[in-house]
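Student: Sharing a model prediction with you, sequence too.
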Amino acid sequence: MAFSPASRFPIHPPPQYAGSGVAVKRPREFACFSYDKDHVFHLDDSSLKWYYPPTLPADLSKGSDTFVKHDDSIDEHLDSLLATIQSYEQQKGEPIDAQVVTWRGMLTKIMAAPYDSDAFEMNATLYRGSIFIEENHAFKRQKQEMESNQPRRTGMPSSLMSFWGYKFETLSTLPRPWGETSREYIENRDREVVNNKEQYCSVVRTGFGNSIVCIGGEVDAIWDSKPENPGEPINWVELKTSAEICGPRDQVNFDRKLMKYWIQSFLLGVPKIIVGFRTQDGVLTRTEEFQTMNIPKEVQHRKLVNWDGNVCIKFTSLFLDWLRANITGEGVWRIRRAHRSNSIELFRVEEAGHGSIITDEFMNWRIKL
Ligand code: A3P
Ligand code: MG
Ligand code: MG
């Protein structure tokens, strides 16, 4: 396969990304979808969960033997996001105005790049004025494989530690609002089967500088209820687990993690993050609430790590300008950042078509418009 010559977007030096002054829009949900317990797609909010504090302490490992785990070896591309956008466009009779369409996870990687050394690969294609970006699934699988073979600092199996995150979600949410939930259910949540096939996904319109972006991403729970008027802020809750902070070193690690939490929540407009702190061996001991908006200031105040949310925003905004200026033709493009690399590369991997990024259904629908 003949690859077109690469162009590069520099990640360092950060000074050029410093300072505020990039207009960002507040993300507004305009559509949503759910995966049910079998990971079957539904164009509704049926998998929405309500936050309700967990009973403490709790053993996060309990039920790991019955975990119903989603098989992530299958490449789902952008299929569900496109189906949701299509349904919205069918109601409106016109295409959405976003210049970039992607999963939240892709923009999380871009936003974190100035401070993170992680490698990533994405595929992008221009279709009817919008750039659609998916993860390069084969690369993700390879990376996961390599990471799972590396020895872990904690000595705990990575699969169990990953289960703890989902268990915390099950312990902290209700499938219906509190008023419609029996006391018995609340008290017996630790016996519920943990299932990560089920998800609620929010689809939002947001903006970075010159770019209007449509993002789809999973939301863990809602605090109260959705507002009456569409587009109004929603009291979403992001749930996270983390090891208890026992000293300055732990605080440094936690402040680094807070950057990812902040980015992830910022992108979908999630105002509150609830962290479940746990012991090294997975006993949930306490929870703490973080207001997403305040995280950058709180971290800067402690002066332990030096990430700046404005840099993440400005970097992303300039990156999207660059991407839109460079992806102008037919075909499929690769967006690649090698481990520790100080640039993001862009090169064409297919000269024509849209690879598997755009579904036939979506294409047939857009052709009619
Ligand atoms: P924690 O974040 O509490 O560890 P999310 O927080 O994004 O909603 O993800 C829910 C859970 O999925 C995580 O909980 C973690 O258990 C698991 N998870 C997410 N990304 C992961 C990854 N890259 N590797 C392993 N587990 C992951
Ligand atoms: Mg989640
Ligand atoms: Mg979560």
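Tutor: In hand now; what should we look at? Numbering: from 1, shown residues only. Ligands and ions are numbered 1, 2, ... in the order given.
Student: quick one: contacts for the closest residue to ligand 1 within the stretch 51-200 of the chain?
Tutor: Ligand 1 sits closest to residue 165 of the stretch 51-200 of the chain, with a gap of 1.9 Å, by Cβ to the nearest ligand atom. Just so you know, the C-beta spots here come from the backbone N, C-alpha and C atoms, and that holds for glycine as well. Listed by Cβ atoms under 8 Å, 6 or more residues apart in numbering, the contact partners of residue 165 are 239, 240, 241.
Student: Run a quick neighbour tally on the first one.
Tutor: Neighbour count for residue 239, taken as other Cβ atoms under 10 Å: 24.
Student: so what pLDDT did it get?
Tutor: Residue 239 is assigned 99 on the pLDDT scale.
Student: hang on, isn't it packed against residue 274?
Tutor: Yes - counting by Cβ atoms under 8 Å, residue 239 does reach residue 274; the two are 5.5 Å apart.
Student: tell me, what's touching these two both at once?
Tutor: By Cβ under 8 Å, 6+ apart, the residues touching both residue 239 and residue 274 are 51, 172.
Student: and the contacts of residue 165 as CSV, adding distance to ligand 3 and secondary structure?
Tutor: CSV is the format used below for those (distance: Cβ to the ion, whole Å; DSSP: H, G, I helix; E, B strand; the rest coil):
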residue, distance to ligand 3, secondary structure
239, 4, strand
240, 5, strand
241, 8, strand
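Student: how far away is the residue of the stretch 51-200 of the chain closest to ligand 1 from ligand 2?
Tutor: Residue 165 is 8 Å from ligand 2, where distance means Cβ to the ion, to the nearest Å.
Student: again, but for residue 321
Tutor: For residue 321, the distance to ligand 2 - Cβ to the ion - is 30 Å.
Student: end-to-end on stretch 296-309?
Tutor: Chord length of stretch 296-309, first to last residue, is 6 Å (Cα to Cα, to the nearest Å).
Student: ditto for stretch 8-16
Tutor: 16 Å.
Student: Which strand residues bridge residue 284?
Tutor: For residue 284, the beta-bridge partners are residue 58, residue 278 (DSSP bridges).
Student: Contacts only, for it.
Tutor: Counting by Cβ under 8 Å, 6+ apart, residue 284 touches 54, 56, 57, 58, 59, 60, 168, 171, 241, 276, 277, 278.
Student: where's the residue of the stretch 51-200 of the chain closest to ligand 1, which helix or strand?
Tutor: Per DSSP states H and E, residue 165 falls inside helix 158-172.
Student: Now find how far off-centre stretch 55-65 is within its chain.
Tutor: Here stretch 55-65 is found 25 Å from its chain centre; the criterion is Cα atoms, centre = their mean, to the nearest Å.
Student: Dump the C-alpha coordinates for that stretch into PDB.
Tutor: Below are the C-alpha coordinates for stretch 55-65, written out as PDB (Å, rounded to 0.1, in the frame of the first residue of the first chain):
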ATOM      1  CA  THR A  55     -23.200   1.300  51.300                       C
ATOM      2  CA  LEU A  56     -19.800   1.400  52.900                       C
ATOM      3  CA  PRO A  57     -17.500  -0.400  53.200                       C
ATOM      4  CA  ALA A  58     -17.900  -2.700  50.200                       C
ATOM      5  CA  ASP A  59     -15.900  -5.500  48.700                       C
ATOM      6  CA  LEU A  60     -15.300  -4.500  45.100                       C
ATOM      7  CA  SER A  61     -14.200  -8.000  44.200                       C
ATOM      8  CA  LYS A  62     -17.500  -9.700  45.200                       C
ATOM      9  CA  GLY A  63     -19.200 -11.100  42.100                       C
ATOM     10  CA  SER A  64     -16.200 -11.000  39.800                       C
ATOM     11  CA  ASP A  65     -16.800 -14.600  39.000                       C
END
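Student: Is ligand 1 within reach of that stretch?
Tutor: No - Stretch 55-65 stays clear of ligand 1 (Cβ under 6 Å from any ligand atom), getting no nearer than 9.4 Å.
Student: for the record, mean pLDDT for that stretch?
Tutor: On average, stretch 55-65 scores 98.
Student: Stretch 198-212 now?
Tutor: Across stretch 198-212, pLDDT averages out at 97.
Student: Can you mark which positions in it are buried?
Tutor: In terms of neighbour count (16 or more other Cβ atoms under 10 Å), stretch 198-212 has its buried residues at 198-209, 211-212.
Student: Over to stretch 271-285?
Tutor: So stretch 271-285, judged by 16+ other Cβ under 10 Å, has buried residues 271, 272, 273, 274, 275, 276, 277, 278, 282, 283, 284.
Student: Do me a favour and get the end-to-end distance for that stretch?
Tutor: Using Cα to Cα, one end of stretch 271-285 lies 23 Å from the other.
Student: Sounds good, over and out.
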